Structures are given as C-alpha cells and as structure tokens.
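Asker: this one's structure only:
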C-alpha cells in the first residue's frame with residue numbers, strides 16, 4: 001500500500017509499507033538501528049544516545065541503563081484534604097501540574113531513559129488516576145510513581161506486593177477499608193482488576209499468546225466469580241495508616257487539627273481478628289487443567305501464619321503468590337510489555353521467548369524484570385527491521401505522549417536556550433497541551449493527559465482491535481483514542497512545535513515549548529535530497545519510501561529560505577502516517 005504524506009485518517013496506518021532492511025550486527029550498529037532501538041527503549045533518540053548505543057552495543061547499553069541510578073520523583077509531601085495554605089498555589093499541590101512537569105522533564109532529559117519508559121508502561125498497566133477524586137494531590141501520585149520507579153528493574157512479585165499495599169492503589173480500587181462484615185460481601189474491585197487487568201487477563205493463553213480453546217473452539221475464562229470472591233476475602237483487613245499530624249513531615253500543614261491523609265507509607269492491617277475474613281478462599285489453579293487452590297479457613301492466630309505475623313499477612317502473601325505462579329501471568333505480562341514498547345501484534349515466537357525469560361532468568365528466578373526487558377528488546381523480532389512484504393502489520397501507532405517526546409528529543413528540546421529567543425525552548429509544561437478534563441481550551445487535546453486516565457482500563461485498552469482492509473482484525477491499542485478530532489490535534493501540535501509560535505506562553509507556561517529552528521536548519525547543507533535523507537535517518541530510522549522522499553523533495557523545492565525549508569520538511573514528516581507508526 002502506498003504511503004500518503006497528508007493523512008486524513010490514520011486508520012490504515014499500520015499497513016503502510018516501509019523499505020526492507022537488515023538490522024546491523026551487534027558489533028556494527030548503524031545510526032538507523034540505534035535510533036530504532038531507542039524508540040523502543042527510551043522516550044526518543046538524540047545523537048548523544050545514538051552514539052552511546054553504537055559504542056556500548058545493545059546488551060551493553062541495556063546493562064548500563066540497569067545500572068543507572070533512578071532520577072527520582074520530587075517529594076512534594078502531603079496536604080490536608082481541603083486545599084489550604086501552605087499547600088499553595090492549589091495548582092502545584094492539588095492538581096497534576098507539578099507531576100506532569102516532572103514527567104516531561106524526565107522524559108526529555110533524564111539519563112535513566114529505560115527505567116522511566118518502563119515506569120510509563122507500568123503506570124498504564126497498573127492504573128491509578130487523578131480523576132478518582134477532586135483535589136487529587138500531586139504528592140499522592142508522586143509516592144505511587146516512586147514505587148514503580150524503584151521496582152521497574154526488580155522482580156514482578158515484589159512489584160505486586162508494593163502496589164497492592166500502596167495507598168494510591170488502596171484508595172483507587174477500594175482495598176483500603178475493605179473490612180469483613182458478617183453477611184456482607186467484601187469489596188471486589190481490587191480482586192477483579194489484579195486478575196483481569198494487572199496480571200492474568202480474561203482468557204487462558206498458551207505461552208505464545210494464542211488462546212487455549214475448549215472442545216467447541218471457545219475461549220476459556222481464566223477465572224470465575226468464585227475466584228473473584230476468594231480474592232476479595234484475601235484483601236480484607238487493610239487500611240491507610242493514620243493521618244500524619246500537622247507540623248509533622250511529610251505533612252505540610254501548619255494548622256493544628258488539619259492533618260494529612262497518609263498516602264506515603266504502605267497500608268497496614270487494622271484489627272485483623274475482626275476485620276479480616278478468616279473463612280476459606282477459592283483461588284486460581286497454578287496450571288491450566290489443575291484444581292483450583294483453596295486457602296483454608298483459619299483464625300488470625302493460627303500457627304501456620306505465625307512466621308508471617310498473622311493470617312491477614314499470610315493470606316495476602318499466599319494470594320499474591322497464587323497469582324504470581326499462575327501459568328497465564330508470564331504470557332499476559334510479556335504481551336502487554338511488548339505492545340507498549342515494540343509492536344502491537346508480536347509473533348508467537350517473540351512472545352514465547354519473553355515468557356521463557358519471565359519464568360526463568362537463567363538462574364532459576366521467576367519474574368526478573370531485567371531478564372524480561374532484555375528478552376523483549378534484544379529479540380530478533382525487535383532488532384530486525386520489519387520487511388513489509390512479510391509482516392505488513394508490524395509496529396504500533398505512536399501514542400500522543402510518545403509522538404511528542406520523540407520529536408522533541410530528536411531535536412534536543414531539553415530546556416536549553418532557543419537561538420531565536422534566548423529563553424529555554426521548553427518549560428516542560430506539556431501536560432496542559434493535552435487539555436485534561438476541566439483544563440484550558442487549546443487545540444492540542446489528544447486524550448492522553450498523563451496520570452489522568454478516565455478509567456482503570458487506561459487511556460486505551462491493550463486488547464483494542466481494528467479491522468484491516470482484508471477484513472481481518474489486529475490489535476491496535478493506541479487507535480482507541482484516535483479520532484478525527486485527536487488526529488487534527490496531533491497535526492496542530494506538530495505545527496506549533498515546529499513553527500515560531502510554539503506551544504504558547506501563559507501564566508502556567510512561562511516559556512512555552514518549541515523546536516529551535518537552528519536544530520532543524522542544521523540538517524540542510526544546500527541540497528534538498530540530503531536534507532530529506534538526514535531527517536529520514538533521524539525521524540524514521542531510514543524507512544521512508546521512495547515515493548514519500550520524492551514527494552517531500554518536490555514540496556520543499558520551492559522554499560528559498562533554508563530554515564523555512566527545513567521546518568516544512570520536519571513538519572510534513574511529523575504529520576505523516578509513516579512517522580506516526582513506530583516500526
């Protein structure tokens with residue numbers, strides 16, 4: 001299928017052709033291959049990181065990233081529930097303004113790019129959202145993100161533990177205060193989502209990601225309502241720790257009696273003898289076809305729970321272990337990570353390779369995130385540029401956040417002064433450009449305001465599918481938020497970043513954001529074809545079709561000013577379907 005430079009829709013974007021290439025060998029990595037690798041493992045390529053990949057090799061670069069210290073999230077502390085001094089201005093403490101700014105600062109400048117890209121993916125898998133309540137505090141989200149950052153390169157089981165007991169998840173999905181009351185069902189919110197969305201999924205899967213079918217050819221559910229009830233009982237008896245008193249860190253309140261809800265420290269059991277459900281609990285089977293595991297009824301002081309500190313702790317540990325060792329977890333987790341990082345429709349072999357790494361890192365350890373990420377990013381399917389004649393549906397639509405960070409990193413928008421203004425090219429106030437609900441009415445709303453997912457299903461569900469021209473279907477999660485409106489917003493955003501106006505300044509955006517014209521003009525040395533070739537290398541890692549190249553050369557040939565010529569070329573590439581599909 002031909003590539004079209006001026007897209008009216010991106011609905012067929014994943015079937016666009018690209019020039020076939022053979023990926024460079026590990027010891028001879030081309031700039032194009034390094035760029036493609038960085039698109040999958042960071043928030044976008046720049047020449048500093050391109051050269052590092054070439055110098056260290058893929059495996060060496062990953063190890064270097066695993067060893068890089070976390071860049072950290074600012075500890076903004078806690079505030080009383082009702083906005084008040086000294087937690088002022090309200091914008092900084094009771095909205096996502098500060099947290100979104102930190103996110104984009106890290107995405108564009110942090111040295112721990114892989115860790116932060118994984119944090120972004122984890123935040124989309126284990127969703128909590130500031131849309132949960134009004135006056136959602138920046139500090140609440142920051143403490144949750146600290147957990148994701150600390151566990152990004154650790155073990156999946158530890159991540160499960162830390163998120164389960166986090167105040168953010170406890171409040172968002174109602175585990176906090178889920179107390180046993182005789183004759184009343186426990187709250188099922190967290191029990192359902194830790195299975196359906198976070199770990200297991202809805203259907204029993206083979207290790208290659210294909211569904212296991214029954215004798216009639218139907219998919220087989222991974223769990224029943226009885227299992228949800230069993231886990232809802234596992235998660236009883238916990239609540240946020242006591243409010244932090246005024247005048248006591250990290251509570252910022254300076255008013256006696258105006259204490260701060262404790263969203264920093266892990267939840268703790270409260271009167272577990274009465275608040276935890278001690279009846280038996282029907283859980284998952286470990287392997288497909290086996291009997292379900294049943295935790296026995298036992299009082300809080302049962303000797304079998306002594307080492308854990310009581311049965312409220314032992315049931316939680318046993319319940320999380322039951323999920324962690326379920327056969328569906330490796331394939332479900334791998335499938336999601338591959339979709340977020342590399343391609344929406346991985347082959348069965350690609351998924352199986354990742355699953356093997358999840359099950360055993362080579363030293364008998366299950367759930368090692370470094371092994372999983374290495375398997376995903378070094379797999380031949382990730383490292384070999386796709387041949388569209390063999391796999392025309394390879395790749396993924398760039399979600400709005402990554403479309404923006406990629407082009408900004410390509411042209412070194414990192415807070416350095418712009419050549420035209422002397423002020424920073426960005427103030428990192430980019431969350432507003434996505435116009436979160438209730439935010440300013442500006443023409444860049446692409447429906448991905450970071451940390452403000454409309455539901456626990458994220459901005460787009462990983463199982464979203466689109467229909468191909470041949471009537472087959474394929475996974476295309478990011479297309480769930482693609483519409484005529486959001487596509488035009490994407491075009492408007494790219495126009496604003498590339499041309500003089502930039503994302504305009506305001507009281508909340510002291511400098512706005514724009515690409516320095518000098519950065520773009522630096523790719524022009526008097527030859528239109530060479531300009532397009534240089535931008536093709538940087539922005540599309542060499543996959544531009546001959547037809548697209550010819551069209552672009554013709555489009556810019558009548559522009560006399562070198563900077564204007566470069567800008568037009570960058571803009572036209574940035575709004576093309578060929579650029580907006582990461583391949």
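Answerer: In hand now; what should we look at? Quick caveat: nothing in here was measured; it's all calculated off a predicted structure. Residues are numbered from 1 along each chain as shown.
Asker: mind listing the helices for the stretch 201-350 of the chain?
Answerer: Secondary structure of the stretch 201-350 of the chain (DSSP state H, counting those that start in this stretch): helices at 225-234, 272-275, 311-324, 328-341, 348-359.
Asker: need those in a markdown table (columns: mean pLDDT).
Answerer: What follows is the helices of the stretch 201-350 of the chain, written out as a markdown table (pLDDT from 0 to 100):
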| stretch | mean pLDDT |
| --- | --- |
| helix 225-234 | 98 |
| helix 272-275 | 98 |
| helix 311-324 | 98 |
| helix 328-341 | 98 |
| helix 348-359 | 98 |
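Asker: so which of those helices is the most packed in?
Answerer: Comparing these on average neighbours per residue, with mean count of other C-beta atoms under 10 Å, the densest one is helix 328-341 at a mean of 24. Every residue, glycine included, has its C-beta placed from N, CA and C.
Asker: packing partners for that helix?
Answerer: helix 113-125, helix 348-359, helix 369-378 (3 or more C-beta pairs under 8 Å, 6 or more residues apart in numbering; DSSP states H and E).
Asker: residue 316: which of these is closest?
Answerer: Closest to residue 316 of the helices and strands packed on helix 328-341, according to C-beta to C-beta: helix 113-125, at 20.5 Å.
Asker: output the contacting helices and strands for the closest one.
Answerer: helix 31-41, helix 47-67, helix 97-109, helix 138-151, helix 328-341, helix 369-378.
Asker: let's see it at 10 Å
Answerer: helix 31-41, helix 47-67, helix 97-109, helix 138-151, helix 156-164, helix 328-341, helix 369-378, helix 400-410 (3 or more C-beta pairs under 10 Å, 6 or more residues apart in numbering; DSSP states H and E).
Asker: ok, which of these comes nearest residue 473?
Answerer: In terms of C-beta to C-beta, the element of these nearest to residue 473 is helix 328-341, at 15.0 Å.
Asker: helix 400-410 and that closest one, what's the angle between them?
Answerer: 50 degrees (axes from the mean of the first three to the mean of the last three C-alpha atoms, to 10 degrees).
Asker: that older thread, can you list the helices and strands packed on helix 328-341 in JSON lines and add distance to residue 104?
Answerer: Formatted as JSON lines, the helices and strands packed on helix 328-341 follow (distance: least, C-beta to C-beta, whole Å):
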{"stretch": "helix 113-125", "distance to residue 104": "11"}
{"stretch": "helix 348-359", "distance to residue 104": "29"}
{"stretch": "helix 369-378", "distance to residue 104": "23"}
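Asker: skip the chain neighbours and tell me the closest residue to residue 533.
Answerer: Nearest residue to residue 533 in three dimensions, chain neighbours excluded: residue 549, at 7.7 Å (C-beta to C-beta, 6 or more residues apart in numbering).
Asker: name the helix or strand for the one you found, please.
Answerer: Residue 549 belongs to helix 546-556 when elements are defined using DSSP states H and E.
Asker: could you identify the helix or strand that succeeds that helix?
Answerer: Counting by DSSP H and E, the next helix or strand C-terminal to helix 546-556 is helix 562-574.
Asker: which other helices and strands does that following helix contact?
Answerer: Contacts defined by 3+ C-beta pairs under 10 Å, 6+ apart place helix 562-574 against helix 400-410, helix 484-498, helix 517-521, helix 528-540, helix 546-556, helix 577-580.
Asker: in it, what counts as buried?
Answerer: 562, 565-574 (16 or more other C-beta atoms under 10 Å).
Asker: any idea how the chain splits into domains?
Answerer: 13-18+398-582, 68-383 (automatic domain parsing).
Asker: and the helices of the stretch 201-350 of the chain as JSON lines, adding distance to residue 424?
Answerer: Formatted as JSON lines, the helices of the stretch 201-350 of the chain follow (distance: least, C-beta to C-beta, whole Å):
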{"stretch": "helix 225-234", "distance to residue 424": "49"}
{"stretch": "helix 272-275", "distance to residue 424": "52"}
{"stretch": "helix 311-324", "distance to residue 424": "45"}
{"stretch": "helix 328-341", "distance to residue 424": "30"}
{"stretch": "helix 348-359", "distance to residue 424": "40"}
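Asker: of those, which is nearest residue 511?
Answerer: helix 328-341 (30.7 Å).
Asker: helix 311-324 and that closest one, what's the angle between them?
Answerer: Using the same axes, to 10 degrees: helix 328-341 against helix 311-324 is 70 degrees.
Asker: off-centre distance for helix 328-341?
Answerer: Relative to its parent chain, helix 328-341 has a centroid offset of 12 Å by C-alpha atoms, centre = their mean, to the nearest Å.
Asker: same check on stretch 547-554?
Answerer: 34 Å.
Asker: from residue 376, how far off is the residue nearest the centre of the chain?
Answerer: In the chain, the centroid-proximal residue (C-alpha atoms, centre = their mean) is residue 121; its distance is 2.3 Å. In this view, residue 121 and residue 376 are 11 Å apart by C-beta to C-beta, to the nearest Å.
Asker: identify the contacts common to these two.
Answerer: 337, 340-341 (C-beta atoms under 10 Å, 6 or more residues apart in numbering).
Asker: would you list those residues in a markdown table and tack on distance to residue 537?
Answerer: Output for the shared contacts of residue 121 and residue 376, formatted as a markdown table (distance: C-beta to C-beta, whole Å):
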| residue | distance to residue 537 |
| --- | --- |
| 337 | 28 |
| 340 | 25 |
| 341 | 22 |
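Asker: quick one: end-to-end distance for stretch 215-224.
Answerer: Stretch 215-224 has an end-to-end distance of 19 Å (criterion: C-alpha to C-alpha, to the nearest Å).
Asker: residue 428 is nearest to which of the helices and strands packed on helix 328-341?
Answerer: helix 113-125 (13.5 Å).
Asker: quick one: average pLDDT of the closest one?
Answerer: Averaging pLDDT along helix 113-125 gives 98.
Asker: just want the angle from that helix to helix 328-341.
Answerer: Computed by the same axes, to 10 degrees, the angle between helix 113-125 and helix 328-341 is 120 degrees.
Asker: can you list the low-confidence ranges for this structure?
Answerer: Scanning the chain with the threshold set as pLDDT under 70 gives 1-27, 432-443, 500.
Asker: related to what we said a few turns ago, let me have the domains of the chain in TSV, extended by distance to residue 47.
Answerer: Formatted as TSV, those follow (distance: least, C-beta to C-beta, whole Å):
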stretch	distance to residue 47
domain 13-18+398-582	8
domain 68-383	14
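Asker: returning to what we had before: possible to save the helices and strands packed on helix 562-574 as TSV with mean neighbour count and distance to residue 505?
Answerer: Shown next, in TSV, are the helices and strands packed on helix 562-574 (neighbours: other C-beta atoms under 10 Å; distance: least, C-beta to C-beta, whole Å):
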stretch	mean neighbour count	distance to residue 505
helix 400-410	24	17
helix 484-498	19	12
helix 517-521	19	17
helix 528-540	20	27
helix 546-556	16	29
helix 577-580	24	27
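Asker: make CSV out of those and add distance to residue 351.
Answerer: Shown next, in CSV, are the helices and strands packed on helix 562-574 (distance: least, C-beta to C-beta, whole Å):
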stretch, distance to residue 351
helix 400-410, 22
helix 484-498, 29
helix 517-521, 39
helix 528-540, 26
helix 546-556, 32
helix 577-580, 25
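Asker: what sits against the closest residue to residue 119 other than its chain neighbours?
Answerer: Nearest in space to residue 119, with sequence neighbours left out and distances taken as C-beta to C-beta, 6+ apart, is residue 148 at 4.7 Å. When contacts are counted by C-beta under 10 Å, 6+ apart, residue 148 is found next to 73, 115-116, 118-123, 125-126, 159, 162-163, 166.
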